[in-house]
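Q: next comes the sequence, and after it the predicted model I'd like to discuss.
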Amino acid sequence: MAGTRPATPQAMFTRIAPRYDAVNSLLTLGGDKRLRRRAVRALDLRPGAEVLDIAAGTAEIGAALAAVYPLRLSYVAVDLNEQMLAVAARKFARLRRKRPSNDWQLALGSAESLDFPSSSFDAAVMCFALDDMDDPAAALAETVRVLRADGRFLLIELAMPDSPLLRNLLKLRLRLIRGVAAIAGMDSVAHMTREVELDRGVEHTLARCENAGLELESTARHLGGLVRAHVFRKRKGL
Ligand SMILES: C[S@@+](CC[C@H](N)C(=O)[O-])C[C@H]1O[C@@H](n2cnc3c(N)ncnc32)[C@H](O)[C@@H]1O
């Protein structure tokens, strides 16, 4: 399953930002929103918790938090891409009406050098983004640095299913989707299908996180195993 992941040009996110949420919902028939809501529940946040969403894009994780937690939260969405954050900013207007007691913040910046003090968040989330980064190890080290002692990290990633039969069926489907996407000029969809095919396996992801100082608490499968949501704790003593 080893393979070199294609680099994700920021230009692609700039171009698709206004349609990013709609394309995800269309491809998963709304399953992407459901899985984010189910995944954030596993963070088991307390009132007043401070949450950092790293490579937050259009802040769909913020929307999931607002849907699941009726308590006061502070949410910061950080991303490199101004257009993705512009969509998030428009979403915040709706989220502020829904959860007025929450604090909603945006920050333009890189996951590899987070502009936040050490030990300043109770939880961090990274959703469909680790393999888009130039330096995933640096991004994970930064995640650990900004988490408080005992802080939780939710990592949501695309993955190939475990069963060889399902894997082969999925590969055929992905090739078909890629062919249609190429004809329709939907390069972001074509890119996503390549990312799934080049998945290096869950063990690779878990080893990366463990090396950064994260201890696995739980893993949940979503969308028939195509998505994994791992919850980690910051290792004691870090
Ligand atoms: C596939 S989108 C995922 C967005 C969002 N997390 C979600 O749940 O849909 C990947 C995002 O990662 C961002 N990104 C990629 N590399 C980054 C980096 N080094 N630092 C911050 N954001 C980054 C991109 O700009 C893009 O918004």
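A: Done, it's in.
Q: now the helix or strand hosting Ala66, how far from the centre of its chain.
A: Assigned by DSSP states H and E, Ala66 belongs to helix 60-68. Centroid separation for helix 60-68 versus its chain: 12 Å, with Cα atoms, centre = their mean, to the nearest Å.
Q: give the other helices and strands that it contacts.
A: Other helices and strands packing on helix 60-68, by 3 or more Cβ pairs under 8 Å, 6 or more residues apart in numbering; DSSP states H and E, are helix 31-41, strand 50-54, strand 74-79, helix 82-98, strand 121-127. C-betas here are computed from N, CA, C, even on glycine.
Q: need the residues of this structure near the ligand, please.
A: Within the chain, the residues that sit near the ligand (Cβ under 6 Å from any ligand atom) are 10, 13, 55-57, 60-61, 79-81, 84, 110-112, 127-129, 132-133.
Q: one more time with 5 Å
A: With Cβ under 5 Å from any ligand atom as the criterion, the chain meets the ligand at residues 13, 55, 57, 60, 79-81, 84, 110-111, 127-129, 132-133.
Q: name the residues of the longest helix along the chain that are buried.
A: The longest helix of the chain (DSSP state H) is helix 164-184. Buried residues in helix 164-184, defined by neighbour count with 16 or more other Cβ atoms under 10 Å: 167, 170, 174, 177-178, 181.
Q: repeat that for stretch 22-34.
A: Result for stretch 22-34 [16+ other Cβ under 10 Å]: buried residues 24, 27-28, 31-33.
Q: again with stretch 75-88
A: The neighbour-count check on stretch 75-88 (16+ other Cβ under 10 Å) flags 75-81, 83-85, 87-88 as buried.
Q: now pLDDT too, for the buried residues of helix 164-184, in TSV please.
A: Formatted as TSV, the buried residues of helix 164-184 follow (pLDDT from 0 to 100):
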residue	pLDDT
Arg167	76
Leu170	78
Leu174	78
Ile177	78
Arg178	77
Ala181	73
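Q: so what touches the helix or strand bottoming out on mean pLDDT in the chain?
A: Least confident helix or strand of the chain, by mean pLDDT, DSSP states H and E, is helix 187-197 with a mean of 73. Helix 187-197 is contacted from outside by 3, 5-6, 8, 12, 15-16, 20, 23, 27, 131, 158-160, 170-171, 174-175, 177-178, 181-182, 226, using Cβ atoms under 8 Å, 6 or more residues apart in numbering.
Q: burial measure for the residue of the chain found nearest the ligand, as a count.
A: Going by Cβ to the nearest ligand atom, the ligand is nearest to Gly57 of the chain, at 2.5 Å. By other Cβ atoms under 10 Å, the residues close to Gly57 number 25.
Q: any idea of the pLDDT on the closest residue to it other than its chain neighbours?
A: Excluding its sequence neighbours, the residue lying closest to Gly57 (Cβ to Cβ, 6 or more residues apart in numbering) is Met84, at 4.5 Å. On the pLDDT scale, Met84 is placed at 96.
Q: residues contacting Met84?
A: By Cβ under 8 Å, 6+ apart, Met84 lies in contact with 13-14, 17, 20, 56-58.
Q: of those, buried ones?
A: Judged by 16+ other Cβ under 10 Å, buried ones among the contacts of Met84: 13, 17, 20, 56-58.
Q: re earlier: widest-spaced pair of the contacts of Met84?
A: Thr14 and Ala56 (15.4 Å; Cβ to Cβ).
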